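**Student:** Give me a 3D structure for the following:
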Amino acid sequence: QVQLVESGGGLVQAGGSLRLSCAASGRIFSNDFVGWFRQAPGQEREFVAAITWGGTRPSYGDSVKGRFTISSDNAKNTAFLQMTGLKSEDTAVYYCGVRMYSAYVVSSSDAYAYWGQGTQVTVSS
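**Tutor:** I've put the predicted structure just below:
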């Protein structure tokens with residue numbers, strides 16, 4: 001069993017930055033992936049970024065490449081999403097998850113078994 005808690009969301013102007021955190025408790029391993037997804041009202045959950053808890057193999061969704069950076073601190077069981085150059089279309093609830101099903105690629109929400117409660121990010125234009 002894994003518990004995840006996201007934090008760091010808020011209201012920011014377009015072009016600004018935010019740093020999200022995902023704190024995990026329970027059994028996680030350095031080769032497990034932690035992923036960030038987001039969901040705007042009326043839309044499907046969208047892949048944002050993923051990385052192993054050990055800090056390797058980062059990957060990003062096309063809409064955030066070059067603007068967002070994912071990282072992790074395995075010793076603290078915490079993952080981060082540094083978001084810069086925020087746009088209004090980045091407005092969504094951001095969730096972190098732990099990938100448990102290796103049959104699915106890391107960009108698929110079906111790969112993840114555990115999710116946090118989400119943190120709201122609102123970008124004003």
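**Student:** going forward, measure contacts and count neighbours with C-alpha atoms only.
**Tutor:** Noted.
**Student:** what about residue 113, helix or strand, and which?
**Tutor:** Here residue 113 is covered by strand 112-115, with elements defined by DSSP states H and E.
**Student:** Run the chain-centre distance for that strand.
**Tutor:** Here the centre of strand 112-115 is set off from its chain's centre by 12 Å, with Cα atoms, centre = their mean, to the nearest Å.
**Student:** now do stretch 1-14
**Tutor:** Averaging C-alpha coordinates over stretch 1-14 and over its chain gives two centres that are 9 Å apart (Cα atoms, centre = their mean).
**Student:** Which residues does that stretch contact?
**Tutor:** Taking Cα atoms under 8 Å, 6 or more residues apart in numbering as the criterion, the residues outside stretch 1-14 that touch it are 18-28, 85-88, 95-97, 114-125.
**Student:** Rounded mean pLDDT for that stretch, please.
**Tutor:** Averaged across stretch 1-14, pLDDT comes to 96.
**Student:** Go ahead and produce CSV holding the CA coordinates of it.
**Tutor:** This file holds the C-alpha atoms of stretch 1-14, laid out as CSV (Å, rounded to 0.1, in the frame of the first residue of the first chain):
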residue,chain,number,x,y,z
GLN,A,1,0.0,0.0,0.0
VAL,A,2,1.3,3.5,-0.9
GLN,A,3,-0.1,6.8,0.1
LEU,A,4,0.6,10.0,-1.9
VAL,A,5,0.1,13.6,-0.9
GLU,A,6,0.5,16.4,-3.5
SER,A,7,1.1,20.0,-2.5
GLY,A,8,2.3,23.3,-4.0
GLY,A,9,-0.6,24.2,-6.3
GLY,A,10,-2.1,27.7,-6.4
LEU,A,11,-2.9,30.7,-8.5
VAL,A,12,-0.2,32.1,-10.7
GLN,A,13,-0.1,34.6,-13.6
ALA,A,14,0.8,33.4,-17.1
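**Student:** Enumerate the positions of that stretch that are buried.
**Tutor:** By neighbour count with 16 or more other Cα atoms under 10 Å, stretch 1-14 contains the buried residues 3-7, 9, 12, 14.
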